[in-house]
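Student: pasting the sequence and the predicted model now:
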Amino acid sequence: MAVTQQLARVPAEYLAACRQSADESHDGAHHWDPSAADCLDLDWAPSMLERACELTRLDAVHLEALKRATDGDRGIDVDFLNAGPDPIAFFSNSTPTALCAEAVAEVSVLLGEIDIQAILRSVLDSGKGSELGYGFIGDPTEYLLGHFGALREFYAEAARRGLLVVEWLD
């Protein structure tokens, strides 16, 4: 089974209701079930995108924004989502994380400033495509452009709606 990066954009009130449900339930059931329209499966793309940015020496501010977009941070306690009868993260050593609405807005702006097409072109032109990882066969440009575009749009919509983003590995 592959390990893939999952994201969900939710209102703070929804996350609070899930936390309350977990607290009040005898077995910690959180009833996490965000709308499919507000979920994003990034597959294996995040580490490949980060590696491409590292290879081209993307500045630290934008690289950190890309990492936060998929790794979140520990500022919001979402450990309860991995407890109870239905943990959201498949692997026991994988802990869900989240970004608050303000951080989502910041990350959204910075993702919008990253020229991923130029970054990927630079990596491939320099012959470093094999350093992106996962033994990708062929040109990964279309795959990575599609996933980065989806990530950028996902965050733009979350920022527009004032939502927070929960991240986990599944």
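Tutor: Thanks, I have it.
Student: show me the strands in the chain, by range?
Tutor: Taking DSSP state E, the strands of the chain run over residues 5-10, 39-43, 97-99, 164-169.
Student: which residues does the last one contact?
Tutor: Contacts of strand 164-169 with the rest of the structure, by CB atoms under 8 Å, 6 or more residues apart in numbering, involve 3-12, 15, 34, 69-72, 76, 78, 81-82, 88-91, 94-101, 104, 154-155, 158. Where C-beta positions appear, they are placed from N, C-alpha and C, glycine not excepted.
Student: quick one: mean pLDDT over it.
Tutor: Strand 164-169 shows a mean pLDDT of 95.
Student: residue boundaries of the helices in the chain?
Tutor: Shown for the chain, the helices assigned by DSSP state H span residues 12-24, 45-55, 60-71, 101-112, 116-125, 141-161.
Student: and the angle from the first one to strand 164-169?
Tutor: Between helix 12-24 and strand 164-169, the angle comes out at 60 degrees (axes from the mean of the first three to the mean of the last three CA atoms, to 10 degrees).
Student: buried residues in helix 12-24?
Tutor: The neighbour-count check on helix 12-24 (16 or more other CB atoms under 10 Å) flags Y14, L15, C18, R19, S21, A22 as buried.
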